[in-house]
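# what follows is a predicted protein model with its sequence.
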Amino acid sequence: SRLQQTTRQMSGRDEAALRPVAAPVGAGTALTEASLRELQLALDSLPLVNQAAAGMPSSLADQIDAHIAASGGSARRIAPGQRLILDTTSDLFARARADFVPSSDVELLVKRLERPLLKLALQDAHFPNQPDHPARQVLNLIEQYAVAADDQGKFFDARLQRFLYLLVDRVCSRADVEPGIFETVRDSLEKVLLPILQIRRTRVARLQEASEGRERIRSARTRVNAALEQRLAGREVPAMLLRLLDAGWRQYLVLLEMRHGAQSESWGAGLAVLDRLFAWFSPADADAPRTSEAAQALLNEVERTLATVNVDAKLLAVFMDELGDRLADASARPAAGAAMVLVPPGRLAPPQDEGSEAQAHRRLAARLRVGDWWDFSLDGGRVPMQLIWVSQPPLSCAFSNRSATGRTDLTLAELSRRMQGGLVKPGKDL
């Protein structure tokens, strides 16, 4: 977690600087170092960390020095080692909180824990470097509850919010007198968090399935367009044939490709209708027999098929009326032919990019790792998003927010553009 990263930094402090340093010997009387009890009492009397009143020193250690002096302890001061602990620990907490949504529930919970943890650090400066220390585990667990909050950091469940605030309040009120409070709170946090994480994993699985299904549709559509491009590009085709594609026949072919594949009989039958319509309207086939029975059979087949994909009954009826009129006209006057349209190459399927941009996308794909976190700029704020899915072959990807209640699908080209614009950046491990 990010708090784990922060606390690991604390372990790198110079241990020699944490040892008590004797007060300097000068012309006057040396200042006496404040006791641990005095420091704890001073911490209790100060506002929450980083909420100092106007006119107070900005450094936590300076605030404590000022409080001790105002309480009649002007001849005492914070020991250098304790000052370093207080300043370093409070600064690291501030840096960790900077990764949270401002005023989010998790940030407020962590902020409330700072005071008892600062007291703990004064007694045991090495606890942040102990992964199994209950206090450190409590911090890590609190942060993981961000998966139960929205993108603004507010918990979805008010009961969960009350539960967490009660646990944190218990730490704040009992840490000085109950050494085992962190173990008790840790166990409660773990018990409640497990089903929440399981719910998120289930949501992520559903989002992955949705992205995979969306990619299958995109791939099928690409193959259908390529087949139509190969069949019609560079030729003059009846305008009604192109209108048939737009009326739903293209989508029908996409569904056929997904359900049965491009080698199936139904796929071949779907393309055969296009060939029959092409021949019916083509002036080159003016001598081919065109009976009213054949026209009605073709019209019925087209109508039955389009009814399975076109949900606009009125527009479908208008199209079918026009198609019926055109078929009747072609039967009555085959030599006149129908309106023909030249289909330029690339109209039905854009050419594949195999240039430098495609190579750049392949390099980007090599960097993508499912599970990594990225920072998205959305509505003027930063939202951590986890990479949960990459298509095969890698052409697109999907990201989920912390709670797995939202998904963002991007092609590699779109992701690259957002990265270049500074709207998406690799994030930190959460």
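Perfect, thanks for sending it.
# how near is residue 93 to residue 307?
To residue 307, residue 93 is 64 Å away according to Cβ to Cβ, to the nearest Å. In this view, the C-beta of every residue, glycine as well, is placed from N, C-alpha and C.
# please say which of the two ends up with more neighbours.
Neighbour count, other Cβ atoms under 10 Å: between residue 93 and residue 307, residue 93 has more, with 24 against 13.
# helix, strand, or coil at that one?
Three-state assignment for residue 93 (DSSP: H, G, I helix; E, B strand; the rest coil): helix.
# just the local confidence number for it, please.
With respect to pLDDT, residue 93 scores 75.
# what's the helix or strand for the closest residue to it other than its chain neighbours?
Excluding its sequence neighbours, the residue lying closest to residue 93 (Cβ to Cβ, 6 or more residues apart in numbering) is residue 114, at 5.2 Å. Following DSSP states H and E, one finds residue 114 within helix 105-123.
# now that helix: mean pLDDT?
In this model, helix 105-123 carries a mean pLDDT of 88.
# packing partners of it?
helix 36-45, helix 80-97, helix 134-144, helix 158-174 (3 or more Cβ pairs under 8 Å, 6 or more residues apart in numbering; DSSP states H and E).
# so which bits of that helix are buried?
Using 16 or more other Cβ atoms under 10 Å as the test for burial, helix 105-123 gives 105-122.
# try stretch 143-154
By 16+ other Cβ under 10 Å, the buried positions in stretch 143-154 come out as 143, 144, 145, 146, 147, 148, 149, 150, 151, 153.
# so the second one touches residue 197, yeah?
If I follow you right, that is residue 144. Yes. Taking contacts as Cβ atoms under 8 Å, residue 144 lies within contact range of residue 197: 7.3 Å.
# can you show me the helices along the stretch 201-350 of the chain?
Shown for the stretch 201-350 of the chain, the helices assigned by DSSP state H, counting those that start in this stretch span residues 239-244, 250-260, 265-281, 292-306, 313-332.
# so the residue nearest to residue 93 makes contact with residue 90?
Yes. Taking contacts as Cβ under 8 Å, residue 114 lies within contact range of residue 90: 7.1 Å.
# which ones among the buried residues of stretch 143-154 lie within helices?
Among the buried residues of stretch 143-154, the members found in helices (DSSP state H) are 143, 144.
# adding mean pLDDT and distance to residue 86, write the helices of the stretch 201-350 of the chain out as CSV.
Output for the helices of the stretch 201-350 of the chain, formatted as CSV (pLDDT from 0 to 100; distance: least, Cβ to Cβ, whole Å):
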stretch, mean pLDDT, distance to residue 86
helix 239-244, 93, 75
helix 250-260, 94, 63
helix 265-281, 91, 73
helix 292-306, 92, 75
helix 313-332, 88, 72
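# out of these, flag the one nearest residue 220.
Nearest to residue 220, of all the helices of the stretch 201-350 of the chain, is helix 250-260, at 4.4 Å by Cβ to Cβ.
# quick check: buried residues in stretch 224-240?
So for stretch 224-240, counting by 16+ other Cβ under 10 Å, buried means 224, 225, 227, 228, 229, 232, 233, 237, 238, 240.
# present those residues as a markdown table; the columns should include distance to residue 362.
Below are the buried residues of stretch 224-240 laid out as a markdown table (distance: Cβ to Cβ, whole Å):
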| residue | distance to residue 362 |
| --- | --- |
| 224 | 25 |
| 225 | 22 |
| 227 | 26 |
| 228 | 27 |
| 229 | 24 |
| 232 | 31 |
| 233 | 27 |
| 237 | 36 |
| 238 | 41 |
| 240 | 42 |
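# phi, psi for the residue nearest to residue 362 when sequence neighbours are not counted please.
What sits nearest to residue 362 in space, not counting adjacent residues and going by Cβ to Cβ, 6+ apart, is residue 394, at 7.6 Å. Per-residue torsions, residue 394: phi -70, psi 100 (degrees, to the nearest 10).
# residue 394 contacts residue 410, correct?
No. At 11.9 Å, residue 394 does not count as touching residue 410 under the criterion of Cβ under 8 Å.
# and residue 384, what helix or strand is that in?
With DSSP H and E as the test, residue 384 turns up in strand 381-390.
# tell me what angle the helix or strand following that strand forms with strand 381-390.
Note on strand 381-390: by DSSP H and E, the next helix or strand toward the C-terminus is strand 396-401. Going by axes from the mean of the first three to the mean of the last three Cα atoms, to 10 degrees, strand 396-401 is angled at 130 degrees with respect to strand 381-390.
# check which residues of strand 396-401 are buried.
Using 16+ other Cβ under 10 Å as the test for burial, strand 396-401 gives 396, 397, 398, 399, 400, 401.
# could you dump these into a markdown table with distance to residue 293 and pLDDT added?
Below are the buried residues of strand 396-401 laid out as a markdown table (distance: Cβ to Cβ, whole Å; pLDDT from 0 to 100):
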| residue | distance to residue 293 | pLDDT |
| --- | --- | --- |
| 396 | 48 | 92 |
| 397 | 53 | 95 |
| 398 | 51 | 97 |
| 399 | 56 | 97 |
| 400 | 57 | 97 |
| 401 | 59 | 94 |
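# mind putting the residues you listed in JSON lines, distance to residue 207 included?
Formatted as JSON lines, the buried residues of strand 396-401 follow (distance: Cβ to Cβ, whole Å):
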{"residue": "396", "distance to residue 207": "14"}
{"residue": "397", "distance to residue 207": "12"}
{"residue": "398", "distance to residue 207": "7"}
{"residue": "399", "distance to residue 207": "9"}
{"residue": "400", "distance to residue 207": "6"}
{"residue": "401", "distance to residue 207": "10"}
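# from those residues, which is closest to residue 86?
Checking the buried residues of strand 396-401 against residue 86 with Cβ to Cβ, the nearest one is residue 401 at 35.5 Å.
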